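>>> compute the structure for the input listed below.
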Amino acid sequence: MVPMRSLGQDSWKIAAALMGRHIGGAVNYVAVSEALGVSPSVLAAGLAADNVIYAVYLQHYTGMNEPEAGNKPPILLTAAALAVPFASCKSGIFLTKYFGIHGGSLPAITAVVVILANSILKQFSCLAPAGETMAMILMQCIFYSGGNIWNVINTAPSIFMFVLIQIVVHLAVILGLGKLFRIDLKLLLIASNANVGGPTTACGMAKAKGWSSLVVPGDSCWHILVMRLQLS
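Have a look, this model is predicted:
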């Protein structure tokens, strides 16, 4: 349907990588690209094209349902909401270096955050409004992260069309089945975002919209999608 023969052997590889991208986010895209040996120029072009299409997709989706009203967080809460994750990241990195654990920064940071969240839950719960505000700001930053568009135009403009067709088919299926089975639009939006963008944007969207109860389901949905990809 989309002519990509100009890419040579990279044509089917980038198609597979973009399929992985739209099953579980950019992590899958990079992993599949490395596994298949996609050339750096085509890899960058595919990511840039996908970022542009995804920005349009996200801009449309965030306007489909109005966010719930909430109070504006004070400056001190916002500062604390920034300081806590920064300190958690630094603590996790320090622990891995201290114990000489190579490549263990991410699990260590996760462990620190989980321990803090469960030990002082009441103190952390007051940071939720500030977190929702920052989630909205970060989501707006995604709209301007299109990447090197000229690289896509010079390498393979057909990648744009390939990504667009994938997203359009995805939207047609999920919205069509959702309407047929009368599924809540909020659930469809979060599930679609987890599918196309990954857990960070799905959770960020839930926070930005004020759908706190859908943050964990959005993250869980992504993990299920990734496991299915790995099993296949």
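>>> next, the buried residues of the strand or helix carrying residue 187.
In the assignment (DSSP states H and E), residue 187 maps to helix 185-196. Within helix 185-196, the residues scored as buried using 16 or more other CB atoms under 10 Å are 188-196. Glycine gets a C-beta too; all of them are placed from N, C-alpha and C.
>>> can you redo these as CSV with distance to residue 176 and pLDDT?
What follows is the buried residues of helix 185-196, written out as CSV (distance: CB to CB, whole Å; pLDDT from 0 to 100):
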residue, distance to residue 176, pLDDT
188, 10, 87
189, 15, 86
190, 17, 85
191, 14, 84
192, 12, 87
193, 17, 83
194, 18, 81
195, 15, 80
196, 16, 83
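>>> for the residues you listed, which one is nearest residue 98?
Nearest to residue 98 among these: residue 194, at 34.9 Å, using CB to CB.
>>> where exactly do the helices run in this protein?
10-24, 26-36, 40-62, 75-98, 105-119, 121-125, 128-142, 149-155, 158-180, 185-196, 199-209, 215-231 (DSSP state H).
>>> do you know which of those lies nearest residue 3?
When the helices of the chain are compared by CB to CB, helix 158-180 sits nearest residue 3, at 5.7 Å.
>>> that older thread, most packed of the helices of the chain?
Ranked by mean neighbour count under mean count of other CB atoms under 10 Å, these are led by helix 199-209, which reaches a mean of 23.
>>> could you check the angle that one makes with helix 10-24?
Angle, helix 199-209 to helix 10-24, by axes from the mean of the first three to the mean of the last three CA atoms, to 10 degrees: 40 degrees.
>>> helix 199-209 to helix 185-196, inter-axis angle?
Using the same axes, to 10 degrees: helix 199-209 against helix 185-196 is 150 degrees.
>>> in the protein, where is pLDDT below threshold?
Low-confidence segments of the chain, defined by pLDDT under 70: 1-2, 24, 59, 61-74, 132-133, 135-156, 218-232.
>>> gap between the residue most central in space within it and residue 118?
For the chain, the residue nearest the mean C-alpha position is residue 198 (3.2 Å; CA atoms, centre = their mean). Applying CB to CB, to the nearest Å, the value for residue 198 to residue 118 is 25 Å.
>>> then residue 215?
16 Å.
>>> residue 38 and residue 15 touch, don't they?
No: here residue 38 does not reach residue 15: they are 10.2 Å apart, not a contact under CB atoms under 8 Å.
>>> ok so, going back, quick one: contacts for the nearest residue to the residue nearest to the centre of the chain once chain neighbours are set aside?
The spatial neighbour of residue 198 that comes closest, neighbours along the chain excluded (CB to CB, 6 or more residues apart in numbering), is residue 25 at 2.3 Å. Shown in contact with residue 25 (CB atoms under 8 Å, 6 or more residues apart in numbering): 196-201, 222.
>>> ok, back up a step: out of the buried residues of helix 185-196, which is nearest to residue 168?
Among the buried residues of helix 185-196, and counting by CB to CB, the member closest to residue 168 is residue 196, at 11.5 Å.
>>> my read: the closest one touches residue 54, true?
Yes: Residue 196 is within contact range of residue 54, at 6.5 Å (criterion: CB under 8 Å).
>>> quick check: neighbours shared by the two?
Jointly contacting residue 196 and residue 54 under the rule CB under 8 Å, 6+ apart are residue 167.
>>> same list (the buried residues of helix 185-196) but as CSV, adding distance to residue 94.
Listed next are these as CSV, based on distance: CB to CB, whole Å:
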residue, distance to residue 94
188, 42
189, 38
190, 34
191, 37
192, 38
193, 33
194, 32
195, 35
196, 35
